[in-house]
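> I'd like to go over a predicted model; first the sequence, then the structure.
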Amino acid sequence: MDVVGTMFFKDNKLLIDKPRKRSTYQMIGGKVEDNESPIEAAIRECHEELGSNVIFDENSFELILEFDEIATSDGVTPIHFYVFQYTGVLSGTLQVSEEIKSFLWYNSSFGTDILSNTLKNEVVPYCLKNNLIT
């Protein structure tokens, strides 16, 4: 299964969200649907998860990472993960929804216990190594 996530940064912090059905925070993203490219999925998921009051430039997504892992959701499903970095300016107001309980601008002072395996094992280490978050 192909999955996408998008990294948004502000003040050396990474935007993550907390789904109502999960105990940990995750990346903004989700599953790539049939007949959809990873970039199309990333853009769609950003619209769905961030809400209609957030404005971003659909041409400002850059593929940064790809890796294989096991899905956090069930612990058995193999997934191929595409991670995009948003290089533009995110504006507007984030909206919680039936799917998303809350948002967090994450830095390392929060620790890793609140993070999904993808964030904990791949994304946050990448961000720290590249000085994208503090």
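Nice, I can see it.

> what does the worst-scoring helix or strand of the chain on mean pLDDT contact?
Lowest on mean pLDDT, DSSP states H and E among the helices and strands of the chain sits helix 117-118, with a mean of 92. By Cβ atoms under 8 Å, 6 or more residues apart in numbering, the list of residues contacting helix 117-118 from outside reads 5, 26-27, 69-70, 72, 81. (Glycine included, C-beta is placed from N, CA and C.)

> Can you select the buried ones from those residues in ChimeraX?
What follows is the ChimeraX syntax selecting those of these that are buried according to 16 or more other Cβ atoms under 10 Å:
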select :5,26,27,72,81
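
> and of the contacts of helix 117-118, the nearest to residue 62?
When those are ranked by distance to residue 62 (Cβ to Cβ), residue 5 comes first, at 13.0 Å.

> and the helix or strand hosting that closest one, C-alpha only, in PDB?
Using DSSP states H and E, residue 5 sits in strand 2-7. Only the C-alpha atoms of strand 2-7 are listed here, as PDB (Å, rounded to 0.1, in the frame of the first residue of the first chain):
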ATOM      1  CA  ASP A   2       1.300   3.500  -0.900                       C
ATOM      2  CA  VAL A   3       0.900   6.200   1.800                       C
ATOM      3  CA  VAL A   4       1.900   9.900   1.700                       C
ATOM      4  CA  GLY A   5       2.700  12.500   4.400                       C
ATOM      5  CA  THR A   6       3.500  16.200   4.100                       C
ATOM      6  CA  MET A   7       5.800  18.200   6.300                       C
END
